[in-house]
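*Asks:* sequence plus the predicted model coming up.
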Amino acid sequence: MQLLVAVEGPTILAAFVTEVVQYPRKRALRVVLAGGTGAKKWKGALRVMLHTGARAVGAKSLEVLGRPGWVRFLRDLPTVKLKYHVLVEDI
């Protein structure tokens, strides 16, 4: 598991916990816990950080486990799709 933290100066804006999931045909990086404020400030940077982290561990997909609000939060990303109530983005 890995902890990612979005900060602005000394203020913590958000925190995320990820884990690597190994499927029979691919590996994925999954966000299992997330919370914070000011999403517009860190959304783009988070996506870059998650993609970089996923590639570093050999993952081909990024998954987000969470409540339905994540669908609204990520709906402007055309490569993200809802699968089994898990958000998955192939990278």
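*Replies:* Ah, there it is.

*Asks:* C-alpha from now on. contacts and neighbour counts both.
*Replies:* Fine.

*Asks:* so where's the longest helix in this structure?
*Replies:* helix 39-56 (DSSP state H).

*Asks:* after that helix comes which helix or strand?
*Replies:* Using DSSP states H and E, the next helix or strand after helix 39-56 towards the C-terminus is strand 61-64.

*Asks:* who does that following strand pair up with?
*Replies:* Within its sheet, strand 61-64 is paired with strand 27-36 (parallel), strand 86-90 (antiparallel), according to DSSP bridges.

*Asks:* and the last one with helix 39-56, angle?
*Replies:* With axes from the mean of the first three to the mean of the last three Cα atoms, to 10 degrees applied, the angle from strand 86-90 to helix 39-56 works out at 60 degrees.

*Asks:* so what touches strand 86-90?
*Replies:* Contacting residues not belonging to strand 86-90 are listed as 60-66, 70-71, 79-82 [Cα atoms under 8 Å, 6 or more residues apart in numbering].

*Asks:* can you redo those residues as a markdown table with distance to Gly35?
*Replies:* As requested, these are exported to a markdown table (distance: Cα to Cα, whole Å):
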| residue | distance to Gly35 |
| --- | --- |
| Lys60 | 24 |
| Ser61 | 21 |
| Leu62 | 17 |
| Glu63 | 16 |
| Val64 | 12 |
| Leu65 | 12 |
| Gly66 | 10 |
| Trp70 | 11 |
| Val71 | 15 |
| Thr79 | 23 |
| Val80 | 20 |
| Lys81 | 21 |
| Leu82 | 20 |
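
*Asks:* most neighbours, which of these?
*Replies:* In terms of neighbours by other Cα atoms under 10 Å, these top out with Leu62 at 26 neighbours.
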